[in-house]
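after the sequence you'll find the predicted model.
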Amino acid sequence: MTDNSDKSLSGKAVAAAGAAIGSAAIAAALLYVNKRKKAKDAKPPRYEDAPETD
């Protein structure tokens with residue numbers, strides 16, 4: 001187990017930084033999954049409606 005006798009500010013700062021990095025990683029993963037899901041559900045463009053360019 002861990003030794004809880006270290007009551008310095010740096011130990012708490014490291015814990016807070018670790019929590020912030022972890023929560024940011026989770027948020028980024030959720031945004032990535034949501035973006036992929038929206039791209040998968042999007043309909044492909046209809047080429048019949050495209051303007052003629054030649």
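That came through fine.

switch to C-alpha atoms for all contacts and neighbour counts from now on
Fine.

how far off centre is the strand or helix carrying Asn34?
Asn34 is part of helix 9-41, with elements assigned from DSSP states H and E. Distance of helix 9-41 from the chain centroid (Cα atoms, centre = their mean, to the nearest Å) equals 5 Å.

pLDDT of that helix, averaged?
On average, the pLDDT along helix 9-41 is 91.

tell me which residues of it come out buried.
Within helix 9-41, no residue qualifies as buried by neighbour count (16 or more other Cα atoms under 10 Å).

can you check stretch 41-49 too?
Neighbour counts over stretch 41-49 (16+ other Cα under 10 Å) mark no residue as buried.

send me it as CSV with only the CA atoms.
Backbone C-alpha positions of stretch 41-49 (Å, rounded to 0.1, in the frame of the first residue of the first chain) are rendered in CSV as follows:
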residue,chain,number,x,y,z
ASP,A,41,-24.2,7.9,-40.0
ALA,A,42,-23.8,10.7,-42.6
LYS,A,43,-25.3,10.0,-46.0
PRO,A,44,-22.9,10.0,-49.0
PRO,A,45,-23.3,12.9,-51.5
ARG,A,46,-25.7,12.4,-54.3
TYR,A,47,-23.9,12.8,-57.6
GLU,A,48,-27.1,13.2,-59.6
ASP,A,49,-27.6,16.6,-58.0
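
ok, Ile21 to Val33 distance?
Computed as Cα to Cα, to the nearest Å, the Ile21 to Val33 distance reads 18 Å.

next: Ala27.
Distance of Ala27 to Val33, computed by Cα to Cα: 10 Å.

repeat that for Pro45.
22 Å.

now swap in Ser23 and tell me
Applying Cα to Cα to Ser23 and Val33 gives a distance of 15 Å.
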